[in-house]
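**Q** After the sequence you'll find the predicted model.
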Amino acid sequence: MWMIAAISLAALSLWLGLRLRYVARLLGNLEHSARSREPLLIEKRTHVGISRQIDSLHDALNALITESRHGRNQDRDYLHQIETTLGSIKEAVLILDDSHYVRMANDAARQLIGPDKELLGRRVESLLPSVSFLDYVRSLWKGRKSGAEVIEMVKGEDQLWFEVTGALIVNEESHKRLALFVLHDITKLKQLENMRTEFVANVSHELRTPVTVIRGFTDTLLDDNATMDAEDRLHFLRKIQRNVVRLNSLLEDLLTLSRMEGRSSALKPEFVNLNSIVGEACDNYSDRKPDGIELVVELDPAIPSMNLDPLRITQVIENLLDNATRHAKGMKTLRVTTRLANNMLRCEVQDDGCGIPVADIPHIFERFYRVDKGRSRELGGTGLGLAIVKHIIFQHGGKVQVQSKEGRGTTMCFDIPVEAEKAK
């Protein structure tokens, strides 16, 4: 009997061991399915005992996984829709969590920060070098910011300006906090505003000098008219006249430049030859050029006739000649040439004077820019001549250039494409 009992006990133990291993394998498969978020298919061999419980657990787990996958796919679809919507927006859009990590960024934000940089999962401090933006982000989290604010940002050598707005996003179920930021680029508007402010300041400064001189000499004439001798009176009147002429020249140049920039007055083109315009302007200049300066004119006979505004092109030539006369100290020879190259009409005005410092060359055609400010005013320049030259040539569809080395002279030139239409 004891032999039978021992065999029965051994058989029971073996069965229990195999059963436990089977159950353990099923539970392991269920655990793997739960971790991988993939539904599990098992063969349902029985509907009793622990196997039935495992089968029920299998069905419940599969249902949960399927529901989770459906929700995940739905979230992915929503996320794709949001990214598509944000991608079509020109403004840079960033979504940050409360630790300042980027959770979403549209294409405009990637272009702003750097198209080659990975944004998601990185702290915004390492991506946007703007103290004012980071201050805005911190203030928004603390609830102290609402509405838009202008921020400054430096990207390489460029200074950028943005109008930034932010809003908090709170998920009531998960209690996660996110913040959405929209950055609208206003750099061009800011530059235009700075140009306008600078222009008004420059005009005020330029007008103040002649007006002050005129007022001073006029007051003196009125106060001392009875005792002033004729020679002093004549001297004062000449001073007043000189400054009235300068004031009139400044106002005329301002009106001309305003029309050019506003493009309110179109060019009046005629079918003429550039050589004839340049030749006539140089003839007029030779009658008034300072003594000791040799004027050399070389005109390319291949220059064709085309539609040009002769009055405006004459103004360009005269401004370039007068500019060289005023500023090219030590000049002995002034050379004016025309030539046809690469389907472009080119006119050069070259002097052998003092030249222009390298730092000043990029600013030569800016309004009111002067290399030697005191000497320019003394010689009667308005500071607008080269700016007018640039706009006239631009309206002819061309461009202006300057080449200069200190002590070796300056060459100013303009190119106009043959048969080019004026700029719209």
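**A** Right, received. Where do you want to start? This structure is a prediction, so every number in the text was calculated from the model and none was measured.

**Q** max-length strand in the chain?
**A** strand 158-170 (DSSP state E).

**Q** That one - contacts with which helices or strands?
**A** Contact partners of strand 158-170 among helices and strands, from 3 or more Cβ pairs under 8 Å, 6 or more residues apart in numbering; DSSP states H and E: helix 131-141, strand 149-155, strand 177-185, helix 187-223. For glycine as for every other residue, the C-beta is placed from the backbone atoms N, C-alpha and C.

**Q** rerun that using 10 Å as the cut-off
**A** When contacts are defined as 3 or more Cβ pairs under 10 Å, 6 or more residues apart in numbering; DSSP states H and E, strand 158-170 sits against strand 92-97, helix 131-141, strand 149-155, strand 177-185, helix 187-223.

**Q** neighbouring strands for the shortest one, and are they parallel or not?
**A** Spelled out, it's strand 92-97. strand 102-105 (antiparallel), strand 177-185 (antiparallel) (DSSP bridges).

**Q** now the angle between strand 149-155 and the longest strand of the chain, please.
**A** Counting by axes from the mean of the first three to the mean of the last three Cα atoms, to 10 degrees, strand 158-170 points 130 degrees away from the direction of strand 149-155.

**Q** For strand 158-170, which residues meet the burial criterion?
**A** For strand 158-170, a neighbour-count test (16 or more other Cβ atoms under 10 Å) marks Leu160, Trp161, Phe162, Glu163, Val164, Thr165, Gly166 as buried.

**Q** Spit out the contact partners of the first one.
**A** Pointing back at Leu160 there. Leu112, Ser130, Ile151, Glu152, Met153, Val154, Leu183, Asp185, Ile186, Thr187, Lys190 (Cβ atoms under 10 Å, 6 or more residues apart in numbering).

**Q** Looking at the residues you listed, state which has the most neighbours.
**A** Highest neighbour count within those, by other Cβ atoms under 10 Å: Leu183, with 23 neighbours.

**Q** where does this structure have low pLDDT?
**A** Counting by pLDDT under 70, the chain contains low-confidence ranges at 1-88, 145-146, 171-175, 198-199, 202, 205-206, 260-266, 370-382, 420-424.

**Q** Can you give the domain ranges for it?
**A** 2-81, 89-185, 187-265, 266-424 (automatic domain parsing).

**Q** Can you tell me which of those is most buried?
**A** Highest mean neighbour count of the domains of the chain: domain 266-424, a mean of 17 (counted as mean count of other Cβ atoms under 10 Å).

**Q** quick one on the thing from earlier: looking at the contacts of Leu160, which is nearest Ile214?
**A** Of all the contacts of Leu160, Ile214 sits closest to Lys190, with 36.7 Å by Cβ to Cβ.

**Q** wait, what's in contact with the closest one?
**A** Counting by Cβ under 10 Å, 6+ apart, Lys190 touches Val150, Glu152, Gln159, Leu160, Trp161, Phe162, Glu163.

**Q** Relative to Arg196, how far out is it?
**A** 11 Å (Cβ to Cβ, to the nearest Å).

**Q** what do you get for Glu294?
**A** Glu294 sits 43 Å away from Arg196, going by Cβ to Cβ.

**Q** Repeat that for Pro362.
**A** Using Cβ to Cβ, Pro362 is found at 21 Å from Arg196.

**Q** Next, the residues that contact stretch 273-283 from outside, please.
**A** Here stretch 273-283 makes contact (Cβ under 10 Å, 6+ apart) with 289, 295-306, 308-321, 334, 336-338, 340, 345-347, 349, 416.

**Q** same deal with stretch 219-227?
**A** With contacts defined as Cβ under 10 Å, 6+ apart, stretch 219-227 is touched by Met228, Asp232, Arg233, Phe236, Leu237, Lys239, Ile240.

**Q** hang on, Phe271 packs against Asp309?
**A** No - the criterion here is Cβ atoms under 10 Å, and Phe271 misses it with Asp309 at 11.4 Å.

**Q** now the strands paired with strand 92-97 as TSV including distance to Gly409?
**A** Putting those into TSV (distance: least, Cβ to Cβ, whole Å) gives the following:
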stretch	distance to Gly409
strand 102-105	53
strand 177-185	42
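
**Q** Tell me the one of the contacts of stretch 219-227 nearest Ile356?
**A** For the contacts of stretch 219-227, the nearest to Ile356 is Lys239 (31.1 Å; Cβ to Cβ).

**Q** That closest one: which element?
**A** Lys239 belongs to helix 230-262 when assigned by DSSP states H and E.

**Q** Columns distance to Thr325 on top of the contacts of Leu160, output as CSV?
**A** Formatted as CSV, those follow (distance: Cβ to Cβ, whole Å):
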residue, distance to Thr325
Leu112, 48
Ser130, 48
Ile151, 48
Glu152, 43
Met153, 45
Val154, 42
Leu183, 50
Asp185, 44
Ile186, 43
Thr187, 39
Lys190, 38
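
**Q** and the helix or strand where Gln315 lies, what does it pack onto?
**A** Using DSSP H and E, Gln315 maps to helix 310-327. Packing partners of helix 310-327 (3+ Cβ pairs under 10 Å, 6+ apart): helix 230-262, strand 270-273, helix 274-286, strand 333-341, strand 344-351, helix 373-378, helix 385-395, strand 410-417.

**Q** One more pass at 6 Å, please.
**A** Packing partners of helix 310-327 (3 or more Cβ pairs under 6 Å, 6 or more residues apart in numbering; DSSP states H and E): helix 274-286, helix 385-395.

**Q** Adding distance to Gln403, write these out as JSON lines.
**A** Output for the helices and strands packed on helix 310-327, formatted as JSON lines (distance: least, Cβ to Cβ, whole Å):
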{"stretch": "helix 274-286", "distance to Gln403": "19"}
{"stretch": "helix 385-395", "distance to Gln403": "14"}
